[in-house]
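Undergrad: What would the 3D arrangement of this be:
(one chain, ligands or ions: 1)
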Amino acid sequence: MEDEDAMSDNSVPFGYGASAFGSEAEEEEEDVAIHRELALRQMEMEAVTERYDVDRAASPAPSYESMHSDVCTGAGADSQCKIQLYRQDSSGSSCCSNSSDEKPDEEPKDVEMMPEKPNNTPPLKPELSVNPNEKRYPALTVDFTFKVLQSSLQQLSPEHFKRFKKTLWERYPQHFRDQLSSLDIIDLVDKMLELCGLEVSLNITLVLLNEMKLKYIAEQLQGMCMRNEVRCELKKTLKRMYEHVFEDLPQQTRFEDVCTDLYVTDGSNAAVHSEHEFRQIKELHEDSRSNKNLLSFTDIFNPKVVEKRHIRTVITKGSPGTGKSFLVQRFIMDWVEGRSHQDIFFLLPLPVKELNQVAEETIGFVDLICRLYPEMKEVDNLEFEGCHVMFICDGLDEYVTPIDFRNTAYWCDHSEAAKTNVLIANLIRGNLLYSAYVWVTTRPVAINRIPAECIHQLLEVRGFTYEQREGYFRKTIYEKELAERVVAYIKSCKTLYIMCHLPRFCTVVRRLLEKDLRSGERPKALTQFYTNLLLLHIKMRGMTLLSQDGEFFLKLGKMAFQLLEKGVFLIEKDVWDKSGLKAEDAVLTVGLCTQFYRETFMMYQEKVDCFIHPTLQEYLAALYVFLSFMNHKRNVMESTKMKKFPSSKVDLVELYKSAIDKALQAPNGNYDLFLRFLLGMSVEANQELLSILFVNTRPMQQAQEETANYIKKKLRDYPERAENLQRCLDELFPHPH
Ligand SMILES: Nc1ncnc2c1ncn2[C@@H]1O[C@H](COP(=O)(O)OP(=O)(O)OP(=O)(O)O)[C@@H](O)[C@H]1O
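TA: Numbering: from 1, shown residues only. Model (predicted):
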């Protein structure tokens, strides 16, 4: 451990940073390097052999409680980093208070600024030199310095530790008045920081370790300091990348002003959210045997659990729009701000969008990291002792080609170039950087591609609970009174309230309601919310799909309608085949469907697909009926009943009348929502939104009036269905004056 030849994986050669003292290397080195290296070459040269008579124990260094830097992580981090230490006394402070020639309240002075004795003052040892104007160590916090010194000293043998204290005392009499021999490691570090300050304590320790030929420990210490600088830069980069949300929110909305707690569980086997205003959908009900626990945010990569259960890779699944990326963003921001997971030294998100851009290239793993985070160039070894690395791969399902884990080559070389899919597969498998944590988030569909043995913990994001969805609106709508009106409105419409389990749907609802309710309108329709959600999904990833197959949404709607006719909410494989659609397109690309595991027998699990919510199936079924009318003037509700006689052209009123009759005749209100959506699609604003899906929009007031009259007639005939019929009128005229 102590020998020169002791193994070292520190990337920075000893004394590299002499530039800070104006060495020859100065011109060649970049600014960044200058600031990141401890100034040691000169310290080395000035061996401990020099002896000067110096008055013992000067004033203490600027109190190390006041010295933490908040440049790196902001005030949040600062408060996290503070170490509360309560000491009885210290030589420095006692010296301070007892000394007759020092005023008790005097500001602590920097060593450099001490008044010099005219004749016999020795030259200042370079390790004691700190330029107060130059923030050479913006990342240097009390917490970091304390830990790193403690860890270095813990590696010393008892003899070395004794020698270290003795030399320290002998060599720096201006700092240490009392003997240090009785101090343990914690007391000694405490004393050093108190009397010398952060930077000088590190400098001194490095000089002594080198002098004692404990090169490995010195290099370890120096390596940690350099990495700490890089970490600080990385935090700044991540903060820039993740501190805002853009979306449709006012520009530059801070992530923290929007982010609400999410409903996260562990365990598997949870089906989709299937709560419905009118129906009990047994096939989507959760398996009673599923073992789920509600997790709080800090349970994700909780250091204690991770250690106890040897967790390396955590996979978090969740249906589209349930908040996986937001969960990741919160994790990153909390790390950046020092609020949680500070045991992780480097947090390196690998955004799948960026990975897709290099998918065709071959690139070394370290090069890939440096390309994403240029500040990491200084760290050529990601397996440095004491620097735990974590990678986050958010949205693996979005990766350009599915990763075939079983048939991907074994790869453990950090520097040699390989295809990105090889690197990702091997990172998740643990072949690349076994010591790193890996967190992957994905829509459920990509889970079964990851070999089970690589999944050490499976979590699921399930959107918002009732409380959380209300919390979301209260947090994101800054006018309190308006927020309460929005919450009250949502609660008054059960389907809306249920659908708000989906955070993405909440954003749509917030945007529309905020505008309407502020302007005094009280919208009554549901269709507009679903139409906006559909459009959001199309815009996110569906446009290319639409350009390849203009009938995609028509086909998806047809499938939804046919299943609805059978009262079915699961999509079996043969249904996909018959519909001429690929499951991946609906599940992965547009994210309107999702996947879960159904337990058919005790031991057997089967993968099944369904729409992300049953009401979305009803909406898409209505869309199919509406699109068929708009594009071909056909009433497909009839043609499914009488397949032999394809229906002739119909007008909208006929179409609507047959839909109303169909809904009224169906038991248990099975078509109630479908009907509401179908009627709502005639509203001009919704037609405009849907216009990318059909030939041209047209005014429909006349048909709407006639349909409304028909509904009013039915209200008299079917008083028991009055509530839904009334809602149907609201869909036709969502903004009554
Ligand atoms: N915790 C949250 N607090 C506030 N808003 C949220 C939260 N989670 C999600 N949202 C909202 O929902 C939207 C979708 O969330 P997010 O992108 O995290 O979902 P996802 O599960 O990653 O979806 P996909 O699988 O489609 O990528 C966000 O853009 C945001 O508007």
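
Undergrad: Please count neighbours and contacts with C-alpha atoms only from this point.
TA: Will do.

Undergrad: you'd agree residue 595 is in a strand?
TA: Yes - counting by DSSP: H, G, I helix; E, B strand; the rest coil, residue 595 is found in a strand.

Undergrad: Do a quick rundown of the strands in the chain.
TA: Counting by DSSP state E, one finds strands in the chain at the ranges 244-245, 253-254, 264-266, 293-295, 313-317, 346-349, 362-363, 389-394, 418-419, 437-442, 457-461, 593-599, 605-611.

Undergrad: so which of these comes closest to residue 621?
TA: strand 605-611 (11.4 Å; Cα to Cα).

Undergrad: Could you give the average pLDDT over stretch 335-345?
TA: Stretch 335-345 shows a mean pLDDT of 93.

Undergrad: Output the contacting helices and strands for the lengthiest helix in the chain.
TA: Secondary structure of the chain per DSSP state H: the longest helix is helix 215-242. Where contact means 3 or more Cα pairs under 8 Å, 6 or more residues apart in numbering; DSSP states H and E, helix 215-242 is packed against helix 142-154, helix 198-211, helix 324-336.

Undergrad: returning to that earlier point: mind telling me which of the strands of the chain the model trusts least?
TA: Per-stretch mean pLDDT for those is lowest at strand 293-295 (a mean of 76).

Undergrad: neighbouring contacts of that one?
TA: For strand 293-295, the external contacting residues (Cα atoms under 8 Å, 6 or more residues apart in numbering) are 263-267.

Undergrad: try it again with 10 Å
TA: Strand 293-295 is contacted from outside by 262-267, 459-461, using Cα atoms under 10 Å, 6 or more residues apart in numbering.

Undergrad: Now it: buried residues?
TA: Across strand 293-295, burial judged by 16 or more other Cα atoms under 10 Å covers residue 295.

Undergrad: Please apply the same query to stretch 699-709.
TA: Using 16+ other Cα under 10 Å as the test for burial, stretch 699-709 gives 703-704, 706-708.

Undergrad: In a markdown table: the residues you listed, plus pLDDT.
TA: Shown next, in a markdown table, are these (pLDDT from 0 to 100):
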| residue | pLDDT |
| --- | --- |
| 703 | 90 |
| 704 | 92 |
| 706 | 94 |
| 707 | 95 |
| 708 | 95 |
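
Undergrad: So what's the residue count around the residue in the stretch 551-700 of the chain positioned nearest to the ligand?
TA: With Cα to the nearest ligand atom as the measure, residue 591 is the residue of the stretch 551-700 of the chain nearest to the ligand, at 6.2 Å. Residue 591 has 22 neighbours, counted by other Cα atoms under 10 Å.

Undergrad: same question, residue 687
TA: 20.

Undergrad: List the residues that contact it.
TA: Applying Cα under 10 Å, 6+ apart, we find residue 687 in contact with 528, 531, 680-681, 693-694, 696-699.

Undergrad: re earlier: of the strands of the chain, which is nearest the ligand?
TA: Closest among the strands of the chain, using Cα to the nearest ligand atom: strand 437-442, at 6.7 Å.

Undergrad: what's the offset of that closest one from the middle of its chain?
TA: Distance, stretch centre to chain centre, for strand 437-442: 10 Å (Cα atoms, centre = their mean, to the nearest Å).

Undergrad: Please name every helix or strand in contact with that strand.
TA: strand 313-317, helix 324-336, strand 346-349, strand 389-394, helix 420-429, strand 457-461 (3 or more Cα pairs under 10 Å, 6 or more residues apart in numbering; DSSP states H and E).

Undergrad: Quickly compare these and say which is most buried.
TA: strand 313-317 (a mean of 24; mean count of other Cα atoms under 10 Å).

Undergrad: residues from the stretch 201-350 of the chain in reach of the ligand?
TA: Taking Cα under 6 Å from any ligand atom as the criterion, the stretch 201-350 of the chain approaches the ligand at residues 258-262, 318-326.

Undergrad: closest to residue 520 among these?
TA: Of these, the one sitting nearest to residue 520 (Cα to Cα) turns out to be residue 258, at 24.4 Å.

Undergrad: The closest one and residue 580, how far apart?
TA: In this view, residue 258 and residue 580 are 40 Å apart by Cα to Cα, to the nearest Å.

Undergrad: Surely residue 328 is in contact with residue 350?
TA: No - counting by Cα atoms under 10 Å, residue 328 stays clear of residue 350, with 11.3 Å between them.

Undergrad: tell me, what's touching the two both at once?
TA: Joint contacts of residue 328 and residue 350 (Cα under 10 Å, 6+ apart) are 392-394, 440.

Undergrad: got the residues of the stretch 451-600 of the chain near the ligand?
TA: Residues of the stretch 451-600 of the chain lying close to the ligand by Cα under 6 Å from any ligand atom are 503-504, 507.

Undergrad: For those, give me a markdown table that also has pLDDT.
TA: Shown next, in a markdown table, are those (pLDDT from 0 to 100):
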| residue | pLDDT |
| --- | --- |
| 503 | 96 |
| 504 | 95 |
| 507 | 94 |
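
Undergrad: does stretch 396-412 come close to the ligand?
TA: No - residues of stretch 396-412 contacting the ligand under Cα under 6 Å from any ligand atom: none, with a closest distance of 8.0 Å.

Undergrad: quick one: low-confidence parts of the protein?
TA: 1-124, 126-128, 131-138, 247-251, 267-271, 285-292, 599-605, 639-649, 695-696, 736-737 (pLDDT under 70).

Undergrad: And it, what are its domain boundaries?
TA: Annotated domains of the chain cover 2-57+80-118, 296-461, 466-522, 528-732 [automatic domain parsing].

Undergrad: Out of these, flag the one nearest residue 176.
TA: Closest to residue 176 of the domains of the chain, according to Cα to Cα: domain 2-57+80-118, at 4.8 Å.

Undergrad: Now for the closest residue to residue 473 other than its chain neighbours: which residues touch it?
TA: In this structure, residue 473 finds its nearest non-sequential neighbour in residue 483, 6.1 Å apart by Cα to Cα, 6 or more residues apart in numbering. Contacts here follow Cα under 10 Å, 6+ apart; on that basis residue 483 touches 470-477, 489, 510, 513-514, 517.

Undergrad: hang on, isn't residue 258 packed against residue 245?
TA: Yes - using Cα under 10 Å, residue 258 is in contact with residue 245, at 8.2 Å.

Undergrad: quick one on the thing from earlier: now for the residues of the stretch 451-600 of the chain next to the ligand, which sits with the most neighbours around it?
TA: Counting neighbours by other Cα under 10 Å, the top entry in those is residue 503, with 23 neighbours.

Undergrad: Let me see the contact set for the residue nearest to residue 260 when sequence neighbours are not counted.
TA: Nearest residue to residue 260 in three dimensions, chain neighbours excluded: residue 472, at 5.6 Å (Cα to Cα, 6+ apart). By Cα under 10 Å, 6+ apart, the residues touching residue 472 are 258-262, 464, 466, 483, 487, 500, 503, 506-507, 510.

Undergrad: Let's have the helices and strands packed on helix 215-242 in TSV, adding distance to residue 185.
TA: Formatted as TSV, the helices and strands packed on helix 215-242 follow (distance: least, Cα to Cα, whole Å):
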stretch	distance to residue 185
helix 142-154	6
helix 198-211	13
helix 324-336	29
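
Undergrad: one step back: and residue 258 and residue 580? which has more neighbours close in?
TA: residue 258 (18 against 13).

Undergrad: For that one, which non-adjacent residue is spatially closest?
TA: Using Cα to Cα, 6+ apart and skipping residues adjacent in sequence, the residue nearest residue 258 is residue 476, 5.4 Å away.

Undergrad: re the thing from before, from the residues of the stretch 451-600 of the chain next to the ligand, which land in helices?
TA: Going by DSSP H, the helices hold 503-504, 507 from those.
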